[in-house]
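Visitor: sequence and computational prediction follow.
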Amino acid sequence: EVELQTDGNRSGHLQNGELVFDPEINEEVVRIIAAQLAEIGDQFDKEIKARVVNDLVQHFLNENLSGEEITRCMSEAVEGLARAIPSDMEQEKAMLVLAMVLTKKIANTMPSLLHRVFSTTVNYISQQLHNYIVRMVSVVKQ
């Protein structure tokens, strides 16, 4: 499987110490998707209140919370924002972009949380939005 990177680049894996990309994934497709998501993210960025970010920062700072509990907090925040932000787009797309924008805002607010918030976001997206991402890539490929 190939991961969609937030910078529009596709991911690869190391094989014999060299980076190898999946030949079946069209790099232009990934760039198109990334550009669309970035544009939506810029719009959503203005709508997310500092209180939501600060509440999530506090959860991430609480080392007594398990990864599962943190992922649940992230999920609740994304779902709440998705309901509150008026949007005519697919709910899953809004949730994907909101998760990425929240990750950016949390990391900008508290850079020391970058690893934990990134891991949580990857888990959240993998658990909740994996099928949507697969469908999105396959639709753009056609």
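Guide: Happy to help now that I have it.
Visitor: can you classify M89 as helix, strand or coil?
Guide: Following DSSP: H, G, I helix; E, B strand; the rest coil, M89 is assigned to coil.
Visitor: please name the nearest non-neighbouring residue to it.
Guide: I40 (7.2 Å; CB to CB, 6 or more residues apart in numbering). In short, each C-beta sits where N, CA and C put it, glycine included.
Visitor: contact partners for that neighbour?
Guide: M89, K93, A94, V97 (CB atoms under 8 Å, 6 or more residues apart in numbering).
Visitor: where along this protein do the strands fall?
Guide: In the chain, the segments counted as strands under DSSP state E are 12-15, 18-21.
Visitor: so for N26, what's the pLDDT?
Guide: If you check N26, the pLDDT there is 69.
Visitor: please tell me how far the residue nearest the centre of the chain sits from E63.
Guide: Compute the mean C-alpha point of the chain, and by CA atoms, centre = their mean the closest residue is M100, 3.4 Å away. Distance, M100 to E63, by CB to CB, to the nearest Å: 24 Å.
Visitor: rewinding a little: pull out the buried members of the contacts of I40.
Guide: Among the contacts of I40, those classed as buried by 16 or more other CB atoms under 10 Å are K93, A94, V97.
Visitor: which residue ranges form the helices in the chain?
Guide: For the chain, helices defined by DSSP state H occupy the ranges 27-45, 50-61, 67-84, 91-109, 114-128, 130-141.
Visitor: so what touches the fourth one?
Guide: By CB under 8 Å, 6+ apart, the list of residues contacting helix 91-109 from outside reads 6, 37, 40-41, 44-45, 48, 52-54, 56-57, 60, 74, 77-79, 81-82, 85, 87, 113-114, 117-118, 121, 124-125, 128-129, 132-133, 136.
Visitor: quick check on these: which are buried?
Guide: 37, 40-41, 44, 48, 52-53, 56-57, 60, 74, 77-78, 81-82, 87, 113, 117, 121, 124-125, 128-129, 132-133, 136.
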